[in-house]
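Visitor: Give me a model of this one.
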Amino acid sequence: MQDFDIRPIPEEEIYRAQCYIDQIAKPLGAMGKLETLAARLAALQDTLQPSLSPREHFVFAADHGIETEGVSKSPREVTHQVVYSMLRGGAGICFLCRQHDFALHIVDVGVDHEFPLEGTALIHRKIRRGTRSFLHESAMTEEEVDRAISIGVVSVDEAVERGCKLLSFGEMGIANTSTSALWMYYLTDLPLEECVGRGSGLDYDGVQHKLAILRQAVDNYRGPVDAEAILRYFGGYEMVVTVGAMLRAAERRVAFLVDGFIMTACLLMARALYPAVTDYAFYGHAGDEAGHARLLRYLGADPILRLGMRLGEGTGAICAFPILDSAARMLREMASFTTSGVTDYVSSPE
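Guide: Purely as a prediction, here's the structure:
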C-alpha cells in the first residue's frame, strides 16, 4: 500500500488562531462551536483568512459481493440506478451540491453494470464489477487495494490542481453498511451487534439475518487482524478509494467533510493506518444508522449537525457546510476590538 506523509496540526497553531479569535469584537467564547471550527481551519490552512472556495464533492460508487447473502433490503441493481439518477441531477446529493456550490464528481470504481463510455459526466475508474463475497473469501486482492488507494489519491490531486480548498466524500453501494460494520467491529472494542444496523431499511428479522451473516463471516475469517488485512478482506472498492482520498487530502493539507456511517467507518480505517488524518476531518452530522453515533463517540467526534439522516451520498456532510462556512467568514469578516470601535468586554466579578 502507498505510504503517506501526514503531519499533525500543532496545538500551538490552533492556540494562536484562538488568541486571534479572542480579539474579535464579541464576548469571549460567544460564537461557541464556530470558534473551535474556525481555529482548526485557520491552523490547517496556515492563515487567519481561511477560504472554502472552490469546493468539490466526490461520490464513489461500487457493488459488494456480500449483497448476494441478503444483507440489504435493496438489490444491487439499485446501485447503478441511483448513479443514473445522480447523472440526471435528481438524487439528493445533486440539489445539495447545487445549493451550496460544490462541484460534484460521480466516479464508478466498481459498479456491477456497464455504463456508456460517452454522453454522461460519469468518471470511469472501474476496478472490477463488484467485490467478492467476504463470507467465503477476501473481498479484494492486494493489487485491487493498491488500485483503489491510487484512485483516491488521483481524485484528490486533480481537485487540488483545480484550486480546491474543501473536499467532501460520499458513496453509493448497496450492502456497504455490512463492510462498515465489520471495519467498525475489528477496529474498535465494540461488540458486533452494536455495529450492525438497518442499512437501507431492514426490519427486525432482516437485521437479525444480516447480523448472523456477518457473524458467520467473522467466524470464517482466519487472517490477521491488523488494519490493512481487515481493509482488504472485508473492504468495498468505493470505501477503500475513500480511505485513499482522505489520506491524500490530509497529506495535501486540505480539509474534508465526513458524512454518515459509511464515511465515518472510512475515516476510522484511515485513522488506524495514519492517526493524524483526523486533524483534517470535520464531522458533518450524526446519522440515524445504529452504529454511527457509537462510532462518533469512539472517535471522540463532535458532529456539526444532528438531523436523523441516513441517505448517504454525502448529503449530511453538504448540509453541514454552511456552519463551517460561517466559521470561516467569522474570521474573515468580523472586526476586532481595535478596528471596530467597540470597547473590549470586561468580565464582572462573580
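
Visitor: can you count the residues close to Gly70?
Guide: Applying other Cβ atoms under 10 Å, we find 14 other residues in the vicinity of Gly70. The C-beta positions use only the backbone N, C-alpha and C, and glycine is treated the same way.

Visitor: For Asn176, see how far away it is.
Guide: As judged by Cβ to Cβ, to the nearest Å, Gly70 and Asn176 stand 15 Å apart.

Visitor: And Ser138, by the same measure?
Guide: Between Ser138 and Asn176 the computed distance is 17 Å (Cβ to Cβ).

Visitor: Of these two, which one has the most company?
Guide: Asn176 (31 against 19).

Visitor: which residues touch that one?
Guide: Residues near Asn176 by Cβ atoms under 8 Å, 6 or more residues apart in numbering: His64, Gly236, Glu238, Met239, Ile262.

Visitor: What about the fourth one, how many residues nearby?
Guide: Here the number of neighbours of Met239 (other Cβ under 10 Å) works out to 30.

Visitor: ranges for the helices of the stretch 101-250 of the chain?
Guide: Taking DSSP state H, counting those that start in this stretch to define them, one finds helices in the stretch 101-250 of the chain at 142-161, 176-187, 204-220, 227-234, 237-251.

Visitor: got the angle between the longest one and helix 227-234?
Guide: What it means is helix 142-161. Here helix 142-161 runs at an angle of 110 degrees relative to helix 227-234 (axes from the mean of the first three to the mean of the last three Cα atoms, to 10 degrees).

Visitor: Residues contacting helix 142-161, please?
Guide: 1-2, 56, 58, 60, 105, 107, 109, 125, 127-128, 140, 167, 228, 231-232, 235, 237, 240-249, 252, 254.

Visitor: leaving aside the residues next to it on the chain, what's closest to Met85?
Guide: Heads up, residue 85 is Ser, not Met. Ala91 (4.6 Å; Cβ to Cβ, 6 or more residues apart in numbering).

Visitor: Let me know whether Met239 touches Thr179 as I believe.
Guide: Yes: counting by Cβ atoms under 8 Å, Met239 touches Thr179, with 5.9 Å between them.

Visitor: Pull up the overlap in contacts between the two.
Guide: By Cβ under 8 Å, 6+ apart, the residues touching both Met239 and Thr179 are Ile262, Ala265.

Visitor: per-residue pLDDT, Ser347?
Guide: Note on Ser347: pLDDT of 48.

Visitor: swap in His124?
Guide: At His124, the pLDDT recorded in the model is 97.

Visitor: all strands for the stretch 51-200 of the chain, in order.
Guide: In the stretch 51-200 of the chain, the strands defined using DSSP state E, counting those that start in this stretch lie at 55-62, 103-110, 123-124, 166-172.

Visitor: Now for the residue nearest to Ser85: which residues touch it?
Guide: Going by Cβ under 8 Å, 6+ apart, the list of residues near Ala91 reads Val82, Ser85, Glu313.

Visitor: same check, this time on Val78
Guide: Val78 sits next to Ile174, Ser200 when contact means Cβ under 8 Å, 6+ apart.

Visitor: ok, now Arg128?
Guide: Gly110, Glu144, Tyr237.

Visitor: Ser326 now?
Guide: Counting by Cβ under 8 Å, 6+ apart, Ser326 touches Leu34.

Visitor: which parts of the strand or helix carrying it are buried?
Guide: Taking DSSP states H and E as the criterion, Ser326 maps to helix 315-333. Neighbour-count burial for helix 315-333 flags 315-321, 324-325, 327-328, 330-331 (criterion: 16 or more other Cβ atoms under 10 Å).

Visitor: Closest to Asp219 out of those?
Guide: Ranked by distance to Asp219 (Cβ to Cβ), the buried residues of helix 315-333 are led by Gly316 at 33.3 Å.

Visitor: The closest one against Leu307, yeah?
Guide: Yes: counting by Cβ under 8 Å, Leu307 is a contact partner of Gly316 at 6.8 Å.
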